[in-house]
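Undergrad: Turn this into a structure:
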Amino acid sequence: MLQPSVLLVVLGLILGPGYYAYCEHLSGEQLQTITMSERADRWVLPDGSIQRFRSGLGYRPVEILLRPDLSRVRLTLEFEFPQDATVENVEYLATLTDADYPLLEVPIALRSQGTVSVPLRTLDIETASAYLFILEEVGNKPHPAARIAVHLRGRIQSVLRPLMGFGYALILLGLALAAYRLARGVRG
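TA: As a prediction, the model looks like this:
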């Protein structure tokens, strides 16, 4: 019986990949959901300047208030495409700026079918400010989604690398112990 090695592997899975998945995908709280619907080739920004989109149409830019007490934040885009529409590859460019300085610029390529969720990078907020989120259509064939929602999740826990490393070490130790016991023919 390989019980000690199985126990080590299970503990390692909990402390390694399980802990990482919890911190990155489950921790934190939902702070805000914004629905984007209006599209145009240019918009007047909150500071009075005009934002033009060179490659197509863009959604109305959204101001998002972020503070350091929100700790780490993540934006997730949720696209809902009409069920009866033809399925095509569509491209977007998501940008988060702070005073005209892009903090995040992510090209997004997806198929226009059903509901698609796209998580963007996790950010550490160090300065309280009104950040501007811009989503524009790029590519040759604009195919607007029926609905686009921006979900803001905050207070996401940071991964403690030593704890996660310890979990992976337990997995390796458990596998090595199981291999050793199987090679020796020891049961029990």
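
Undergrad: Which strands or helices does the helix ranked longest in the chain pack on?
TA: If you go by DSSP state H, the chain has its longest helix at helix 161-184. Judged by 3 or more C-beta pairs under 8 Å, 6 or more residues apart in numbering; DSSP states H and E, helix 161-184 is in contact with helix 3-13, helix 19-21. For glycine as for every other residue, the C-beta is placed from the backbone atoms N, C-alpha and C.

Undergrad: how about that helix: buried residues?
TA: 164, 167, 170-171, 173-174, 177-178, 181 (16 or more other C-beta atoms under 10 Å).

Undergrad: and this protein, what are its domains?
TA: 1-27+158-188, 29-156 (automatic domain parsing).

Undergrad: Mean pLDDT added to these, as CSV?
TA: Formatted as CSV, the domains of the chain follow (pLDDT from 0 to 100):
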stretch, mean pLDDT
domain 1-27+158-188, 89
domain 29-156, 86
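
Undergrad: bridging residues for the nearest residue to residue 130 once chain neighbours are set aside?
TA: In this structure, residue 130 finds its nearest non-sequential neighbour in residue 63, 4.9 Å apart by C-beta to C-beta, 6 or more residues apart in numbering. Counting by DSSP bridges, residue 63 forms beta bridges with residue 132.

Undergrad: Now for the nearest residue to residue 39 once chain neighbours are set aside: which residues touch it?
TA: Nearest non-adjacent residue to residue 39, counting by C-beta to C-beta, 6+ apart: residue 57, 4.4 Å away. The contact partners of residue 57, by C-beta atoms under 8 Å, 6 or more residues apart in numbering, come to 39-41, 136-137, 142, 144.

Undergrad: Tell me how many other residues surround the residue nearest to residue 130.
TA: 12 (other C-beta atoms under 10 Å).

Undergrad: what residue is smack in the middle of this structure?
TA: Geometric centre of the chain, nearest residue: residue 119, 2.5 Å, by C-alpha atoms, centre = their mean.

Undergrad: Report the secondary structure element holding it.
TA: strand 115-124 (DSSP states H and E).

Undergrad: now the longest helix of the chain against helix 3-13, angle please.
TA: 150 degrees (axes from the mean of the first three to the mean of the last three C-alpha atoms, to 10 degrees).

Undergrad: neighbouring contacts of helix 161-184?
TA: So helix 161-184 is in contact with 2, 4-20, 187, going by C-beta under 8 Å, 6+ apart.
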